[in-house]
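In: Turn this into a model:
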Amino acid sequence: MKRPETDLHLHLDGSLSMEVIKRLAAETGYDFEGRGIKESVSVGENCESLADYLKCFDLPGQLLQTEEALELASKDLVERLAEQGVIYTEIRFAPQLHMRKGLSKEKAVEAVIRGAEKGMSQSSIKAGILLCSMVNGSDRENEETFEIAGAYLEKGVVGVDIAGPEGMIPMSHFEPLFRKAYEKDIPFTIHAGECGDSENILKAVSYGAKRIGHGCAAIQSETCMDLLKKEKITLEMCVISNLQTKAVASIGEHPLKAFYDRGIRVTYNTDNITVSDTTLEKEAELIKKYMGFTEADLRQMNRYALEGAFLDETEKEKIIAIFDNNTYNE
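Out: Take a look at the predicted model:
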């Protein structure tokens, strides 16, 4: 059977299938102006930076502006993941980016939850939703996103995140936002150390983050790596995406294996299935080939992911038991 896998770091808008894009583009009358669908939404060989990478989100952003579109996208994504052998995933999106046609943030969240629930209904996959505030968003909008997350917690939403162009605004600016989430027991992960420095990771952990999105820059600092290990922080690493955004210069310089060997709780994830033109299997094969990971190592990383999942303890124990009892091809 397939390796039972997890994807903790997965953006909805960056993971639309070609079929969904084609359907939504036809419904909205989008003009590809002679370009192919894949060319419009996936990075090519010439991606120079995170800013360059983020351009691929323009089309999904235009297409995902109705409840129907968001529901379709999340249902389709969960179904595809289930087919690939994924047993647990957390899908993240920023509701404030889906209001161009009058949709409220609440309606956007409800649509994505509905789609995920429909996607789960035909298989044993478990999917939770993470709401993203945005580095380049307004303070009020970010606060509202966190408030909505609190209202929908345990109703499909499992936590919050902050995404976008790291470094545009200092990490310290968001401290009050995350302090409030911590006080309200809203689980959170923070994009940090992707294209920024290790200080952003240290700050994120000090705010109460139990998980870090990417975290590549921790390799720059012994203090940071020691802290991640001591506090049992889960790193949501996305190797192919990191190479594309130039967060890491080459596969040989990627810190995933160094972190793993040090005892840091690393996981491998896709980030954006379509934008990066990747799958969990592709990520797994790449790190086995170039980093020397074994199937036992991959199993351990998937278990780290389940242990770091934003689930209540009873549900977490249940899914870990299923994982542990699964036949695993060594």
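In: ok, and what's touching the lowest-mean-pLDDT helix or strand in the chain?
Out: Here the helix or strand of the chain ranked lowest by mean pLDDT, DSSP states H and E is helix 50-54, holding a mean of 83. For helix 50-54, the surrounding residues in contact (Cβ atoms under 8 Å, 6 or more residues apart in numbering) are 43, 47, 165, 166, 194, 195, 241, 244, 245, 246, 247, 275. Bear in mind the C-beta positions are built from the backbone N, C-alpha and C, glycine included.
In: Doesn't the third one lie inside a strand?
Out: No. The assignment for residue 165, made by DSSP: H, G, I helix; E, B strand; the rest coil, is coil rather than a strand.
In: How is the residue of the chain most remote from its centre assigned, secondary-structure-wise?
Out: The centre of the chain is farthest from one residue, residue 34, which by Cα atoms, centre = their mean lies 31.0 Å away. Per three-state DSSP, the secondary structure class of residue 34 is coil.
In: Please give me every residue in contact with it.
Out: Contact analysis of residue 34 by Cβ under 8 Å, 6+ apart lists nothing.
In: what does residue 56 give?
Out: 14, 40, 41, 42, 43, 272, 275.
In: got a winner among those residues for most neighbours?
Out: When neighbours are taken as other Cβ atoms under 10 Å, the top entry among those is residue 272 (28 neighbours).
In: Could I get the contacting residues of that one?
Out: 10, 11, 14, 15, 56, 241, 278.
In: Equivalent analysis for residue 290, please.
Out: Residues near residue 290 by Cβ under 8 Å, 6+ apart: 251, 252.
In: Could you tell me whether it really is in a helix?
Out: Yes. Under three-state DSSP, residue 290 falls within a helix.
In: ok so, going back, of all the contacts of helix 50-54, which comes closest to residue 215?
Out: Using Cβ to Cβ, residue 194 comes nearest to residue 215 of the contacts of helix 50-54, at 7.7 Å.
In: Surely that closest one and residue 245 touch.
Out: Yes. Between residue 194 and residue 245 there is a contact under Cβ atoms under 8 Å: 7.1 Å.
In: where do the strands sit along the stretch 1-150 of the chain?
Out: Counting by DSSP state E, counting those that start in this stretch, the stretch 1-150 of the chain has strands at residues 5-11, 86-93, 126-134.
In: Which among those strands is found nearest to residue 262?
Out: The nearest among these, by Cβ to Cβ, is strand 5-11 at 19.6 Å.
In: How far off centre is that closest one?
Out: 6 Å (Cα atoms, centre = their mean, to the nearest Å).
In: quick one: it to strand 126-134, angle?
Out: 30 degrees (axes from the mean of the first three to the mean of the last three Cα atoms, to 10 degrees).
In: now, the most widely separated pair of the contacts of residue 272?
Out: Farthest pair in those, by Cβ to Cβ: 10 and 56, 15.2 Å.
In: Off-centre distance for stretch 225-233?
Out: The answer for stretch 225-233 is 21 Å, by Cα atoms, centre = their mean.
In: what do you get for stretch 27-40?
Out: Between the centre of stretch 27-40 and the centre of its chain there are 25 Å (Cα atoms, centre = their mean).
In: Which positions in that stretch come out as buried?
Out: For stretch 27-40, burial by neighbour count (16 or more other Cβ atoms under 10 Å) applies to 37, 40.
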